[in-house]
Structure formats: C-alpha cells, structure tokens
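Novice: sequence-free structure coming up:
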C-alpha cells in the first residue's frame, strides 16, 4: 500500500510539473503588454541598475515571480476572488507607508498558502505514519487546512504590522506635536517648522512629515501634501491633527493657538491610551491571582483541617 501511494504521489508531481511546463510554453503563454510594446521602444536606453530601488530589485519574491509567473498570476487571481477585500488590503498597505501593491501582497499570500499546504500535508502524514499506515484523506485535509491557515496568516501579519506601527506612532505623537507647536510659536513658517521637527526626531511620524516636505519642495502645495498624508494614514489622531493644521493655514487662523490646542489634545489621547493599557494589564494580572495564588492559599488553609478529619475518621 505504501509503494502504491508513493507511486501515485510521484505521478501526481510529474503531472503537475508537465502541466506547468506546457502552460508556460510560448504557444500557450499569454502575450504581455510589455512584449507587444517592446519592438516600438527598442531604442529606449536601459536605465542603470545603480539607480534602481534596492527594495524592489532585491525582493525575495522576484526569483519566484520570474520562475512561476503565469502559475502565480492565476493563483493570485484565485485568492483575490476567494478572499476579496482589496479595499481593506489597499488601505492597510497605504497605512504602512510602503510601496507594496495589492498584487504583490496577494502573491505573498499565495506563497504562504503553498508553504502551509506543504507543511500541513507533511505534518499530518508524519503523524499518521507514526501511528500506523498514512491516511491520504487526513493528509489532504491537513494540507488544505495548512493552505487556508497560510493565506489567512499573511493577512493577520499585515494587520499586526499596522497595529504595531500605530502604537509606535501614538508614542511618538505627543513629542512631535509639542515640538511643532514650539517651532511655530518661535516664529518659524509651517514648512520650516515641519522640516526642523523631521530633522530633530526619528520614527514613523517624522518619515510621514518628511514625505510631505519632499512633495512641497517638488512643487506641490504644502496643504495638499499634508492632506495626502492625512488621507493615506490609518492613524486617526494624526489625520485629525493634519486636517486642523491644513484648515488653520488655509483660513488664516492663528497657527500657534491651533497647534497648542492640538498638542493638548494629543497629550489627552496619550493619557487615555495609557489608562486603557493599564486597565487591560490589571485584568490580565488577575489570572495568576485567581488561578494560581488563590487556590494555593486555600489549599494551605484547608489542608491541616483535612488531615485532622481524615485521622479522626480512621
């Protein structure tokens, strides 16, 4: 029976490899837009690799994308149809401030799903092999569960990265707001004040404000650049802060008073967040008290009396 299943598995792998090779062959391969336009733009000079972005050229998925491009494209479309929620994924990716697209994220989900598929199948097969003969139904179920877990795990990891980023931004927010208010009160212009804050601080907020300063130096109005940052971010207090900043600049409101009020609101937000964290920690601290310390205390109090009762009954 084991030789039969081994031969069937090898035949399945050979069939998958043959099908992949046939699907990627030139007669069946879909013609891409770049291949159609290549003869007409052949005289365009090739850009230097020294000027290329290292984050894109050194991507860990670049080799996989080149080797299994057509198959991965089909799997990406399948995952996108099954999971959906491209709007939520796009919002979270924009909130992270990176250049990752929804297509690249779906490809990462496919890779995670394939790894979960292989890991789940091998794990269940190994467990059933230890207990006796391997069960192909359990192995298939474990592989399917691993694939689903891998796809959902990548989505959970994206949400976790966004949550950690927002927590870091919340811890940086009071300092940035106070420095910006002090710079404006000292008489600096809004662009100069933001530039000084970006130069003196590090972190996610500094990078977001630095991108707005870079856009303003490229010719975009400062109010529009700040509005773009507010629309892109998922950290609501920071978005409200930027909206108030933009409204004060456009309507001619005294900017110093507005920033002082905004800084006070930011400090209140930090206090509320600290109280919420303290309340959660207090509840989590009750678990060892109720389930560990209290039972041991009751046991120490009742154990002598229990021994006395046992000795009297004997």
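Specialist: Happy to help now that I have it. These numbers come from a predicted model, not from an experiment. Numbers count the residues shown, from 1 in each chain.
Novice: can you give me the helices for the stretch 51-200 of the chain?
Specialist: Using DSSP state H, counting those that start in this stretch, the helices found in the stretch 51-200 of the chain span residues 54-57, 62-67, 69-83, 86-96, 102-131, 136-185, 190-200.
Novice: hmm, I was thinking of the stretch 201-314 of the chain
Specialist: Using DSSP H, counting those that start in this stretch, helices in the stretch 201-314 of the chain cover 204-217, 222-232, 236-251, 255-288, 294-313.
Novice: Among those helices, which comes closest to residue 89?
Specialist: helix 222-232 (14.5 Å; CB to CB). The C-beta positions use only the backbone N, C-alpha and C, and glycine is treated the same way.
Novice: relative to helix 86-96, how tilted is that closest one?
Specialist: Following axes from the mean of the first three to the mean of the last three CA atoms, to 10 degrees, one obtains 120 degrees for the angle between helix 222-232 and helix 86-96.
Novice: Look up how far residue 16 lies from residue 9.
Specialist: To residue 16, residue 9 is 11 Å away according to CB to CB, to the nearest Å.
Novice: neighbour count winner among those two?
Specialist: residue 9 (14 against 11; other CB atoms under 10 Å).
Novice: Please work out the average pLDDT along whichever strand or helix holds the more buried one.
Specialist: Assessed by DSSP states H and E, residue 9 sits inside helix 2-23. For helix 2-23, the mean pLDDT works out to 80.
Novice: which helices and strands does that helix pack with?
Specialist: Secondary-structure packing of helix 2-23 (3 or more CB pairs under 8 Å, 6 or more residues apart in numbering; DSSP states H and E): helix 69-83.
Novice: Next one: residue 117 from residue 161, what distance?
Specialist: 24 Å.
Novice: what about the two, which has more around it?
Specialist: The neighbour comparison of residue 117 against residue 161 (other CB under 10 Å) goes to residue 117, with 20 against 15.
Novice: Tell me who's in contact with the more buried one.
Specialist: Contacts for residue 117 (CB atoms under 8 Å, 6 or more residues apart in numbering) come out as 143, 144, 146, 147, 150.
Novice: Got a quick ChimeraX command for the buried subset of those?
Specialist: Applying 16 or more other CB atoms under 10 Å to these, the buried members can be selected in ChimeraX as follows:
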select :143,146,147,150
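Novice: Closest one of the contacts of residue 117 to residue 131?
Specialist: Nearest to residue 131 out of those is residue 143 (CB to CB; 17.7 Å).
Novice: so who does the closest one touch?
Specialist: 117, 118, 120, 121, 124.
Novice: Report how many residues lie close to the third one.
Specialist: Just to be clear, that refers to residue 120. 22.
Novice: Wait, it touches residue 140, no?
Specialist: No. Counting by CB atoms under 8 Å, residue 120 stays clear of residue 140, with 9.5 Å between them.
Novice: got the contact list for stretch 270-288?
Specialist: In contact with stretch 270-288 (CB under 8 Å, 6+ apart) are residues 170, 171, 173, 174.
Novice: List the buried residues for it?
Specialist: Applying 16+ other CB under 10 Å to stretch 270-288 flags residue 270 as buried.
Novice: what's the spacing between it and its chain's center?
Specialist: Stretch 270-288 sits 25 Å away from the centroid of its parent chain (CA atoms, centre = their mean, to the nearest Å).
Novice: pLDDT at residue 83, what is it?
Specialist: For residue 83, the pLDDT comes out at 64.
Novice: Where does pLDDT dip in the protein?
Specialist: 1-2, 38-85 (pLDDT under 70).
Novice: ok, 50 please
Specialist: For the chain, applying pLDDT under 50 flags the ranges 44, 53-58.
Novice: who wins for most neighbours among the contacts of stretch 270-288?
Specialist: residue 173 (23 neighbours).
Novice: Looks like that one contacts residue 238 (just checking).
Specialist: Yes. Applying CB under 8 Å, one finds residue 173 in contact with residue 238, separated by 6.4 Å.
Novice: hey, what's in contact with both of these two?
Specialist: residue 205.
Novice: Hmm, residue 123 and residue 145 touching each other?
Specialist: No. Under the criterion of CB under 8 Å, residue 145 is not in contact with residue 123, lying 10.0 Å apart.
Novice: Wait, residue 242 touches residue 232, no?
Specialist: No. Using CB under 8 Å, residue 242 is not in contact with residue 232; the gap is 10.2 Å.
Novice: Among those two, which residue is more densely surrounded?
Specialist: residue 242 (23 against 15).
Novice: Contact partners for that one?
Specialist: Counting by CB under 8 Å, 6+ apart, residue 242 touches 226, 227, 229, 230, 233.
Novice: Can you give me the neighbour number for the fourth one?
Specialist: What it means is residue 230. Residue 230, neighbours per other CB under 10 Å, totals 21.
Novice: The closest residue to it other than its chain neighbours and residue 214, how far apart?
Specialist: Nearest residue to residue 230, sequence neighbours excluded (CB to CB, 6 or more residues apart in numbering): residue 242, at 4.0 Å. With distances taken as CB to CB, residue 242 is found 16 Å from residue 214.
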